[in-house]
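Enquirer: Task: produce atomic coordinates for the following.
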Amino acid sequence: MNNKEFISTLAADTGYTQSDTQKMVNNVIEAMKKAFGDGDSVQITNFGSFEVKKRLERIVVNPGNGQRMLVPPKLVLSFKPTSAIKETLKGKS
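Expert: Predicted coordinates for the structure are as follows:
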């Protein structure tokens, strides 16, 4: 599902216009970005939680030439779904 389809479905379900729905979704995304920038996690009930984690530096090996390289530490975004979402996905496979 792409953004346009998502907004159309959400607008139809909520009764808002597509323009208002797009604005609301953008506001939610901006609020989440701000929380991640501050190092906070975001929990969404019945969906899951998003958390900023620090990935430690590590050494990787280029398989082509065997050269070892140091990858610096960086921040990554992780998502942990709720058990209800996990169960829904298990039933689909």
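
Enquirer: mind giving me the domain ranges of the chain?
Expert: 1-40, 41-93 (automatic domain parsing).

Enquirer: what's the most buried one of those?
Expert: Burial of the domains of the chain is given as mean neighbour count (mean count of other CB atoms under 10 Å); domain 1-40 ranks first at a mean of 12. All C-beta atoms are positioned from the backbone trio N, CA, C, and that covers glycine.

Enquirer: avg pLDDT for that domain?
Expert: Domain 1-40 carries an average pLDDT of 95.

Enquirer: what distance separates that domain from the middle of the whole chain?
Expert: With CA atoms, centre = their mean, to the nearest Å as the basis, domain 1-40 stands 13 Å off its chain's centre.

Enquirer: how long is that domain end to end?
Expert: End-to-end distance for domain 1-40, by CA to CA, to the nearest Å: 28 Å.

Enquirer: Can you tell me how far residue 3 is from residue 62?
Expert: 36 Å (CB to CB, to the nearest Å).

Enquirer: cool, and residue 22?
Expert: 43 Å.

Enquirer: Residues contacting the longest helix along the chain, please?
Expert: Of all segments of type helix in the chain, defined using DSSP state H, the longest is helix 18-37. Helix 18-37 has contacts (CB atoms under 8 Å, 6 or more residues apart in numbering) with 6-8, 10-11, 14, 16, 41-42, 50, 52, 77.
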